[in-house]
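**Student:** Generate coordinates for the sequence data below:
(chains A and B)
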Amino acid sequence: MKIRKKYLLYVLALLSAATGAVVVSIDGIISSLYVNDPWELGLSEFLVGSLITVLLVALLSVPIKGKSLGSAIDPSFSGLRFVKKKEIGYHVLAGIGNAFTTIGYFLVISLSGGESTTVLSFTYVMILYMLVIESISEKNAPTIAEVQSSLIVTFGAIMASMSFTEGINVGLLAIVFLLLNPTWVIFSICQRKLKLMKIDDKPNDAINIRLWNVIFTTIFISILVFFVKPVCFFNAMQTSVDHFWIIALSMGTTFFSYVLYIRALGMGKASVVQSLNATSLLFAIPITIYLSIAGLITAALYEGPAQLIIKIIGLSLVVLGVLSFALSEVKAYVFINMEPGYPIKETLDKIWDIKGVESVSVISGKHSFLARVRTRTLGKGYENILRKLEAVPGIESLKWASVLREWDNI
Amino acid sequence: MAGMGRIPMINAYILINIRVGKIEPIVKALQKIEKLDSIAVVAGEYDVVVRLGVEQLEDLLEITDQIQMLEGIVKTNTQIIEKEIAV
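**Tutor:** Model prediction:
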């Protein structure tokens, strides 16, 4: 095993986290110094962002030694392509979700005075929503560990945003809980569905998903701003021209943060990458302190030792909550044997449709299929995976092998 | 995920049974084999599940042979992947 590659994974995930913190900080500066209206800023970011993203993807499509430059980032990427018919539904939903998320995000930036630690900690509250949606839609009761982690993140984020002089900002919390996170959940679910799709028999690539998401989001955010705040619609055109370079810097950095994240995901375990990504909060602290002292953001970060301690406790809780959520999982292999007379391809699809199945392989040898599964607890593994596998017609026997320890060649 | 930069044509799982008390040294020896994508110590019928990607069957034979030569291996069971869906 090459230890160098392991370090590369950490470097990529941490770079993604750091660039994520930089993006929020740049947005904080733009909001504090140039464009305070969240509607105007949201639209101009996407107008400039569309152009920047198309240019970057076109650059990544340049072939070098028979392969596109972007294939080094995502091996499934073979060049800029048009959106496929089967992707449109999810792209539309993701675009609508992202348009509302963007407005919510800039409202939070504006209300928090460009303070990135507050904004970032609120984005992790999404875990709570994911859990609630899963509980309702799949009648899947969350485990104590899941409830614990999501509440730690939520309370941590609220603590991190508290101010002694201004008290609790109810408007800010309402935007976070009623707009930012619910629409972000829609966006994330659609992005995941798109990533799981096969395009021309290859896994869908992250670069084209990102490109088309930016384009669809631009369309929906334009419609949204045009009908809700028509003045901002026209102002945004001017803002895009007036502040082109700083907005381009924000959207260009967002693209690279996203790409680094996907590249890291391709090299190592998702849980590790997600945990490392939560460290963007820690990167945001020194940046925010610097911006606050330099007067580049309007937020007053330091109100006294008590407030600072509460803020640090809040931020630590968010990081710990995300860490424990990402790392408390049970993984297993399930060896499956089939009775003769059942179609292999259809059975493969039925196994793949079971939630928690990470990969399923048709294998030649003693067993018919080998499924790699991931679940929060063994009890849930039985309820959600084994019982559903037993219900698939043609399955003769199942053998569950819990992973006790594993090593990946990263 | 398979190592970046190389596109294996044949992917396979090798299911390994190991003599009691030999898991740790065998896992250490497996970690030194370059072409293995993942090594998992599991509970159940097998002791270790190894995943690998090779360009030709000859390489698979070579790696299986390398594993079988390790002190403490009771049995190996190679399962070639014919089709796969993965996240």
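
**Student:** Now the phi/psi pair for B:Asp47, please.
**Tutor:** Per-residue torsions, B:Asp47: phi -100, psi -40 (degrees, to the nearest 10).

**Student:** Go ahead and confirm it touches B:Gly21.
**Tutor:** No - counting by CB atoms under 8 Å, B:Asp47 does not reach B:Gly21; the two are 11.3 Å apart. In short, each C-beta sits where N, CA and C put it, glycine included.

**Student:** mind saving the C-alpha coords of stretch B:72-83 as CSV?
**Tutor:** What follows is stretch B:72-83, C-alpha atoms only, in CSV (Å, rounded to 0.1, in the frame of the first residue of the first chain):
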residue,chain,number,x,y,z
GLY,B,72,-1.6,-19.9,7.9
ILE,B,73,-3.9,-19.8,4.9
VAL,B,74,-6.4,-22.7,5.0
LYS,B,75,-8.4,-22.1,1.8
THR,B,76,-9.0,-19.4,-0.8
ASN,B,77,-12.1,-19.1,-2.9
THR,B,78,-11.9,-16.8,-5.9
GLN,B,79,-15.1,-15.2,-7.2
ILE,B,80,-14.7,-13.3,-10.4
ILE,B,81,-17.1,-10.3,-10.8
GLU,B,82,-19.2,-10.6,-14.0
LYS,B,83,-21.3,-7.5,-13.5
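
**Student:** Tell me how far that stretch lies from the chain's centre.
**Tutor:** On the basis of CA atoms, centre = their mean, to the nearest Å, stretch B:72-83 sits 7 Å off its chain's mean C-alpha point.

**Student:** Could you give me the buried positions within it?
**Tutor:** Across stretch B:72-83, burial judged by 16 or more other CB atoms under 10 Å in any protein chain shown covers B:72-73, B:76-79, B:81.

**Student:** Quick check: which of those residues are also close to chain A?
**Tutor:** B:77-79, B:81 (CB under 8 Å from any CB of the partner chain).

**Student:** between those, which is closest to A:Leu47?
**Tutor:** Nearest to A:Leu47 among these: B:Ile81, at 45.9 Å, using CB to CB.

**Student:** Chain A contacts on chain B?
**Tutor:** Counting by CB under 8 Å from any CB, the residues of chain B close to chain A are B:1, B:3-4, B:7, B:11, B:13, B:15, B:27, B:31-32, B:34, B:36-46, B:49, B:77-87.

**Student:** Which of the residues you listed fall within strands?
**Tutor:** B:11, B:13, B:15, B:36-42, B:49, B:77-86 (DSSP state E).

**Student:** Produce a PyMOL select command limited to the buried residues of the residues of chain B next to chain A.
**Tutor:** In PyMOL, this line selects whichever of the residues of chain B next to chain A come out buried by 16+ other CB under 10 Å:
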select buried, chain B and resi 1+3+4+11+13+15+27+36+37+38+39+40+41+42+46+49+77+78+79+81+84+85
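
**Student:** Where does the prediction get shaky in chain B?
**Tutor:** Applying pLDDT under 70 to chain B flags residues B:1-8, B:87.

**Student:** all strands for chain A, in order.
**Tutor:** Counting by DSSP E, the strands of chain A are A:63-64, A:67-68, A:198-199, A:202-203, A:330-338, A:357-364, A:369-375, A:395-408.

**Student:** By mean pLDDT, show me the worst of the ones you listed.
**Tutor:** Mean pLDDT is lowest for strand A:202-203 among the strands of chain A, at a mean of 74.

**Student:** how far away is A:Phe234 from chain B?
**Tutor:** Separation of A:Phe234 from chain B (CB to the nearest CB, to the nearest Å) stands at 43 Å.

**Student:** what do you get for A:Ala94?
**Tutor:** 18 Å.

**Student:** ok, the nearest residue to that residue once chain neighbours are set aside - contacts?
**Tutor:** Once flanking residues are discounted, A:Ala94 sits nearest to A:Cys190: 3.7 Å by CB to CB, 6 or more residues apart in numbering or on different chains. If you count contacts by CB atoms under 8 Å, 6 or more residues apart in numbering or on different chains, A:Cys190 has them with A:90-91, A:93-94, A:97.
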